[in-house]
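J.: okay, here's the prediction I keep looking at, along with the sequence it came from:
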Amino acid sequence: MDDAWLPVDDTPLLLERLAALLQQSVREDAARHGLLPIHLQVLAYLARANRYSDRPIAVAEYFGITRGTVSQTLAVLERRGLVARQPDERDGKHLHLALTAAGRAVLARGWTRRLDAALRAAGAQADIGERLRALLTALQRQNGNRAFGVCRQCAHFLPAGDGHLCGLTGEPLAREQTRKICREWTAPEPAAA
Ligand code: SF4
């Protein structure tokens with residue numbers, strides 16, 4: 001029988017099982033709070049999004065969903081008091097989506113914390129992170145999606161005095177922003193051999 005379609009090892013199967021388990025965890029967490037999985041996922045995204053990415057358009061890009069779905073999702077989160085709109089400090093017309101204390105409490109014991117604990121217990125966090133990042137980047141390139149990486153690992157992340165600035169926008173980066181994810185993230189060039 002022709003088995004050329006079979007993967008060369010069981011990594012795809014492991015990833016599929018992990019994805020299924022994580023989806024199940026998200027579903028259970030969401031149900032506990034009377035929410036849908038996408039509500040919880042958007043909440044978790046906004047908790048990690050930097051100030052260029054805490055907008056409805058970025059939410060749509062990150063999840064590959066329509067703006068209409070994003071509007072409905074945000075309406076639920078705002079109605080439940082989990083997310084609030086905050087004016088930009090420099091441009092009052094521009095709004096940021098921020099978690100409220102109630103929104104942060106929903107995430108406090110959620111699936112991301114449990115996953116973090118499982119990774120620590122397996123002692124795999126540092127080792128696995130690099131490999132998964134490379135895999136994610138490759139799949140995003142295949143799909144033509146934005147990468148949404150962590151600011152500190154971006155090609156535009158530059159030292160400036162005691163802190164850092166974004167080489168793309170020229171704006172200084174507050175320390176807590178450098179650990180967040182960004183829709184403008186660009187993979188650094190691989191080091192020359
Ligand atoms: S350095 Fe990169 S990731 Fe950070 S804010 Fe600028 S574009 Fe976004």
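T.: Perfect, thanks for sending it.
J.: only C-alpha atoms from now on, for both contacts and neighbour counts.
T.: Fine.
J.: which strands and helices lie in contact with the longest helix seen in the chain?
T.: Secondary structure of the chain per DSSP state H: the longest helix is helix 11-32. Other elements packing on helix 11-32 under the criterion 3 or more CA pairs under 8 Å, 6 or more residues apart in numbering; DSSP states H and E are helix 37-48, helix 111-122.
J.: of those helices, which is nearest the ligand?
T.: helix 37-48 (12.0 Å; CA to the nearest ligand atom).
J.: stretch 176-186 near the ligand anywhere?
T.: Yes. Against the ligand, stretch 176-186 shows contacts by CA under 6 Å from any ligand atom at 182, 184, 185.
J.: break this structure into its domains for me.
T.: Taking automatic domain parsing as the domain assignment, the ranges for the chain are 10-123, 124-193.
J.: pull the residues that contact stretch 83-97.
T.: Residues from elsewhere that reach stretch 83-97 (CA atoms under 8 Å, 6 or more residues apart in numbering): 43, 46, 51, 54, 55, 74, 77, 78, 98, 99, 100, 103.
J.: quick one: mean pLDDT over it.
T.: For stretch 83-97, mean pLDDT is 88.
J.: quick check: buried residues in that stretch?
T.: 83, 84, 95, 96, 97 (16 or more other CA atoms under 10 Å).
J.: go through the residues you listed and name the one nearest the ligand.
T.: The shortest approach to the ligand among these belongs to residue 96, at 14.7 Å (CA to the nearest ligand atom).
J.: coming back round to it: sort out for me which of the residues of stretch 176-186 next to the ligand are in strands.
T.: residue 182 (DSSP state E).
J.: write the ChimeraX selection for whichever of the residues of stretch 176-186 next to the ligand are buried.
T.: Selection of the buried residues among those in ChimeraX, burial being defined by 16+ other CA under 10 Å:
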select :182,184,185
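J.: now render the residues of stretch 176-186 next to the ligand as CSV, adding pLDDT.
T.: Output for these, formatted as CSV (pLDDT from 0 to 100):
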residue, pLDDT
182, 96
184, 93
185, 92
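J.: the ligand contacts on this protein?
T.: 151, 154, 156, 157, 166, 168, 182, 184, 185.
J.: could you dump the buried residues of stretch 83-97 into a markdown table and include secondary structure?
T.: As requested, the buried residues of stretch 83-97 are exported to a markdown table (DSSP: H, G, I helix; E, B strand; the rest coil):
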| residue | secondary structure |
| --- | --- |
| 83 | strand |
| 84 | strand |
| 95 | strand |
| 96 | strand |
| 97 | strand |
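J.: excluding covalently adjacent residues, which one is nearest to the residue nearest the centre of the chain?
T.: In the chain, the residue lying closest to the centroid (CA atoms, centre = their mean) is residue 45, at 4.8 Å. Among residues not flanking residue 45 along the chain, residue 59 sits closest, at 7.7 Å (CA to CA, 6 or more residues apart in numbering).
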